[in-house]
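A.B. asks: One predicted model, sequence on top.
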Amino acid sequence: MSFNLLIFVSLCYVAFLFLVAFWAERRAYANGARWLRGPFVYTLSLSIYCTAWTFYGAVGYAARSGIEFVTIYLGPTLVMVGWWWILRRLVRIGRAQRITSIADLISSRFGKSTSLGVIVTILSVVAATPYIALQLQSVTQSFAVFATSGGQVWERPDFLRAAAWIAVGLAIFTVIFGTRSLDANERHSGIVIAIAVEAVVKLVALLAVGAFVVWGLAGGPGEVLAQIESSPISSFETPGGRWAALIFLSAAAFLCLPRMFQVLVVENSDERNLQTASWAFPLYLIAVSLFVLPIAVVGLERMPVGSNPDLFVLTLPLAEDQGELAVLAFLGGFSSATSMVIVSTIAVATMVSNHIVAPIWLNTGTQGASMSGDVRRVIVRARRVSIAGILALGYLYFRFSGGGAALAAIGLISFSGAVQILPAMLGGIFWRGATRVGARLGLFAGFVVWLYTLFLPSFGAEAVMSQAMLDNGPFGIEWLRPQALFGLVGMDPLVHGLLWSMLLNTAFFFIGSAMSFPRPLERFQGAQFVNVFAMSTDAKAWSGSAAPAEDLLIMAQRILGGREAQTLFQRAAQEQGKTGYLPDVTPDFIVRLERELAGSVGAATAHAMIGQLTEGAAISVEDLIAVADEAAQILEYSSKLEAKSAEQDITARALRAANEKLTALSIQKDAFLSQISHELRTPMTSIRSFSEILRDMDMNADDHRHYAGIIHDESLRLTRLLDDLLDLSVLENGQVTLHEQSGQLSDLIDRAIGVSGVQGSPLKIVRDKGREKVALHTDLDRLVQVFVNVIVNAQKYCKADPPQLRIQAHRFNGHDVVDFIDNGEGIAASSQGMIFEKFARLEDDGKAGGAGLGLAICKQIMDRLGGDITYLPGKSGAAFRLTLPPAAAKPQTSELLATQ
Amino acid sequence: MPTPPPSGPVYLARASYRQRRLRDVARMLPLAGAVLWLLPVLYIAPSTGVVGLYVFGVWFVLTLIAAVIAGKLDHTNDAEKGSVDTDDGV
């Protein structure tokens, strides 16, 4: 296999990737090929986690430390299978808030803070640069392997030249496909497809080499296991702390690395893709790591002592004269490196342009957002320059770090730099109390500790830090030794640095958050992030903006492009029922526009630009409280509705009852009128007839007396009826005068029994006189009248044999009451509500001899006296309870009552 | 003070009940994985081969369960309401 042929093959491969990317962009533009956005392309795009460091380095790692290499894949597996916890939330927030990068996420969460965006961007650049250098190194090394086998010997200038060419090629590819659209939500279809293809290539390559090693060289899985047992790495010696720390580190890095955030969240087009990737990506990781240990063990056994285990994947097939397999392996490694560099560069370039270039440009632009030049062009140009700049940084790092072992160790250190974002990120999406101050403090502390304990020492002794400083601490302060901070000696340097940086980071983040008070916008964003599943995506923001729609349109055109901006404005205008391009500037519209702009330039910049036009119409606490918690408002509203409908139910029930009563009363009144006319007519007819007889006929004295007696009786009956009516009318109009006297209850009952004439009748009265010693001060005559009425009623209506009336006095609820209970049939429940009404007559026969006014009069009297009379249901017969007027009651005068 | 209205139904039909429990499994899965993968460090220098087989075994089972859950989990808005975190005040 000649070296030139290899160059040719690589160029063909690159050309193929270009074609695939172009094709995918065109298909995406034509809205075709749904599978391009499907779950499997999404899963494959996640494989940029497996970089060249994975492809080559994992075998080298396994050859040095055995099974420990696998921790790098266990962490991401835990994150993926646990997608319900974090990823689902992140993806939902990313879509709702149109997040463009991890810096944008942090900045947007903490009140669209520019400074936080800058901190995260710088952290990301610093952490990503060595990693990009690492990729350049592995590709140049793999080229060198082929050159060496072709007879050339590569010197350092050859390495540097190759690295430069690779960097330039990657920059061109990334600029072409990575900056076509500005809007993060339009997504980079071309690049996503290209890295999906590369993901397949690297998996196939690694599986092919693995299968060749296991079945071609070792002779089967059994033999491989036996070889592992007899190899130098046969026993598991990783300290527990390091094992756990590495799993945590890889899980955290999987979430925090800018490139992973890009493919996981920003490029995610459908939440359901996550569901499939939750098992498909772990499966990919299993496949990738399955043959790592066998390749390492077989390589250790077969390759000459001192050969670089990092390149076993390549050198093993070459040594066995498997040229084609070696080329496949080379392409696999090439794919791993390039896909990682491309996505990583795009992600970091987006951050740099949105969080560093755009704010600077906004601040230096003297004329403000609406008047200055074409923002769109500025941002795209900034992004292109950033891509080139980041690759140049990677190249320079590669050049000055001198490559080699120092670089190989940087992988995990780069990871631990990226995971400094973790506390702010998780705190931001799960804890509403997280504030900008806390996030700043935490990030800053974590970053500084990471630089001091991991990053700077990683260059080796005497490079940045002197050996003396490493050994004795700065200025001889022992407890500040970079690799034994606070006297924690004898620990693995990586675990040591990770422990202190994460501990201090989290502590500062928490304390800073708990001690500070967030600005209104922070609180608003915090609620939006933490309650992302409860909030609609368009929760209302604030009102009171005064920006003219035209200025907003001019600005939007400069960011989104003319056509897109006009479409957006036109649609908004249409929704408001207007024609033309200029909608009313409502809060809704402002929020929507800001989101759209945020999709292009990040939340902080979009907010700042809108803010310039709306003349700093900032959100206030009042606005916040009024609009902040949409979910709570909805909840409150629905519970209010519930209460209201319950209230309406009660009212309706009361109305129904009243209506029934009215209907019954009306029927009763009609009945009474016929009754009263009957009652009046009957005696009148008798009187008329008998007086005619007396006038016209001759009769003896006896007959004469008899007829006169009838006339007398009938006129008495008439008088009684009229008396009753008069009495009731007087009582109802409050014109009665009460004659208050003092007396004893038992005497009153004696009087009533005497007057009612029950003595000698069959009705038996049962009393307990001992309990009737109640002193009263009221109108005793009236009270006796009530007693008489009740007793007479019992006498008339109780049909039991023998009839009996129990009179019981006792105290009930602080009042003296007297119950009159007979042993008759009682009163039907349906009639109980009616008996105290005027004209109530339960039976329409005239047996009662009255007109149904008795109980109505009783009720009126008791009311006037300050007591009450009620029907007592649930007794064997008819039962009335008289609540006696309180003994110490003030004398109530009729005048007083009349005014009531 | 009136009691706040309940945020959701207290008892669920069989299908929604099953969905809730599936979500519980989805939540427990990473924790179970973490615990299982931390077990090897408790042993004193076990062989790489055994640890490797164990780690890969756990890995495979975990992935399998994740696949089964992903197939059955209903990823609609209705299914999500139950997991909405309550507000802890503005």
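C.D. replies: Arrived safely, thanks for sending.
A.B. asks: List every C-alpha atom in stretch A:351-367, with coordinates, as CSV.
C.D. replies: Written as CSV, here are the backbone C-alpha positions of stretch A:351-367 (Å, rounded to 0.1, in the frame of the first residue of the first chain):
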residue,chain,number,x,y,z
MET,A,351,-20.7,30.6,21.1
VAL,A,352,-17.9,32.9,20.1
SER,A,353,-19.9,34.7,17.5
ASN,A,354,-23.1,35.0,19.7
HIS,A,355,-21.6,35.6,23.1
ILE,A,356,-18.4,37.5,22.4
VAL,A,357,-18.5,39.1,18.9
ALA,A,358,-22.1,40.1,18.8
PRO,A,359,-22.1,41.9,22.2
ILE,A,360,-18.9,43.7,21.4
TRP,A,361,-20.3,44.8,18.0
LEU,A,362,-23.6,45.9,19.6
ASN,A,363,-21.7,48.0,22.1
THR,A,364,-19.4,49.6,19.7
GLY,A,365,-22.2,50.3,17.1
THR,A,366,-22.9,54.0,17.8
GLN,A,367,-26.2,54.0,16.1
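A.B. asks: Give me the buried positions along that stretch.
C.D. replies: Neighbour-count burial for stretch A:351-367 flags A:351, A:352, A:353, A:354, A:355, A:356, A:357, A:358, A:359, A:361, A:362 (criterion: 16 or more other CB atoms under 10 Å in any protein chain shown). Quick note: C-beta positions are derived from backbone N, CA and C, even for glycine.
A.B. asks: and residue 49, how many neighbours?
C.D. replies: Picking chain A for this. Close neighbours of residue A:49, defined as other CB atoms under 10 Å in any protein chain shown, add up to 24.
A.B. asks: that's the wrong chain, I wanted chain B
C.D. replies: With other CB under 10 Å as criterion, residue B:49 counts 23.
A.B. asks: show me what contacts it?
C.D. replies: Residue B:49 makes contact with A:225, A:228, A:229, A:234, according to CB atoms under 8 Å, 6 or more residues apart in numbering or on different chains.
A.B. asks: measure it to residue B:39 for me?
C.D. replies: 16 Å (CB to CB, to the nearest Å).
A.B. asks: Equivalent analysis for residue A:109, please.
C.D. replies: Counting by CB to CB, the gap from residue A:109 to residue B:39 is 36 Å.
A.B. asks: Residue A:446 now?
C.D. replies: 30 Å.
A.B. asks: repeat for residue A:502
C.D. replies: 23 Å.
A.B. asks: Between the two, tell me which one has more neighbours.
C.D. replies: residue A:502 (23 against 12).
A.B. asks: Which residues does the strand or helix carrying the more buried one contact?
C.D. replies: Taking DSSP states H and E as the definition, residue A:502 sits inside helix A:493-515. By CB under 8 Å, 6+ apart, the surrounding residues in contact with helix A:493-515 are A:241-242, A:245, A:248-249, A:412-413, A:416, A:419-420, A:422-424, A:427, A:431, A:433-435, A:437-446, A:449-450, A:453-454, A:457, A:483-486, A:488, A:491.
A.B. asks: Need the residues that contact stretch A:219-230.
C.D. replies: A:214, A:218, A:234, A:293, A:294, A:297, A:298, A:301, B:47, B:48, B:49, B:52.
A.B. asks: If you rank the residues you listed by neighbours, which is first?
C.D. replies: residue A:297 (30 neighbours).
A.B. asks: contacting residues for it?
C.D. replies: Contact partners of residue A:297, counting by CB under 8 Å, 6+ apart, are A:62, A:63, A:224, A:227, A:228, A:231, A:233.
A.B. asks: which of those sit farthest apart?
C.D. replies: With distances taken as CB to CB, the most widely separated pair in those is A:63 and A:224, at 14.3 Å.
A.B. asks: Tell me how far residue A:479 lies from residue A:664.
C.D. replies: 94 Å.
A.B. asks: Just want to know which of the two has more residues nearby.
C.D. replies: Remark: of residue A:479 and residue A:664, residue A:664 carries more neighbours, 16 against 10, as counted by other CB under 10 Å.
A.B. asks: ok so, going back, where's the dip in pLDDT among the buried residues of stretch A:351-367?
C.D. replies: The member of the buried residues of stretch A:351-367 with the lowest pLDDT is residue A:362, and it reads 74.
A.B. asks: ok, it to chain B distance?
C.D. replies: Using CB to the nearest CB, to the nearest Å, one gets 30 Å for the distance from residue A:362 to chain B.
A.B. asks: And for residue A:751?
C.D. replies: 54 Å.
A.B. asks: Pull the contacting residues for the nearest residue in space to that residue that is not next to it in sequence.
C.D. replies: Nearest non-adjacent residue to residue A:751, counting by CB to CB, 6 or more residues apart in numbering or on different chains: residue A:784, 5.2 Å away. Each residue near residue A:784 by CB under 8 Å, 6+ apart is listed here: A:748, A:751, A:752, A:755.
A.B. asks: And for residue A:62?
C.D. replies: A:68, A:69, A:233, A:292, A:293, A:295, A:296, A:297.
A.B. asks: What segments of chain A are strands?
C.D. replies: A:741-744, A:764-767, A:775-778, A:804-812, A:815-822, A:868-871, A:879-883 (DSSP state E).
A.B. asks: Name every strand pairing with the fourth one and say which way it goes.
C.D. replies: Paired with strand A:804-812 in the same sheet, following DSSP bridges, are strand A:764-767 (parallel), strand A:815-822 (antiparallel).
A.B. asks: which of these sits most buried?
C.D. replies: strand A:815-822 (a mean of 21; mean count of other CB atoms under 10 Å in any protein chain shown).
A.B. asks: Flag the shaky bits of chain B, pLDDT-wise.
C.D. replies: B:1-9, B:75-90 (pLDDT under 70).
A.B. asks: no, scratch that, I was asking about the stretch 601-750 of chain A
C.D. replies: A:611-638, A:675.
A.B. asks: Count the residues that sit near the residue in it that chain B sits nearest to.
C.D. replies: Nearest to chain B in the stretch 601-750 of chain A, going by CB to the nearest CB, is residue A:639, at a distance of 4.5 Å. By other CB under 10 Å, the residues close to residue A:639 number 13.
A.B. asks: before we move on, back to that, from the contacts of stretch A:219-230, pick the one nearest residue A:103.
C.D. replies: Out of the contacts of stretch A:219-230, the member with the shortest distance to residue A:103 (by CB to CB) is residue A:293, at 37.6 Å.
A.B. asks: Would you agree the closest one is in contact with residue B:51?
C.D. replies: No. Using CB atoms under 8 Å, residue A:293 makes no contact with residue B:51, being 10.2 Å away.
A.B. asks: shared neighbours, these two?
C.D. replies: Shared contacts of residue A:293 and residue B:51 (CB under 8 Å, 6+ apart): residue A:67.
A.B. asks: dump the residue contacts of the residue lying closest to residue A:93 once chain neighbours are set aside.
C.D. replies: Closest residue to residue A:93 apart from its sequence neighbours, by CB to CB, 6+ apart: residue A:532 at 5.0 Å. Contact analysis of residue A:532 by CB under 8 Å, 6+ apart lists A:89, A:92, A:93, A:96, A:429.
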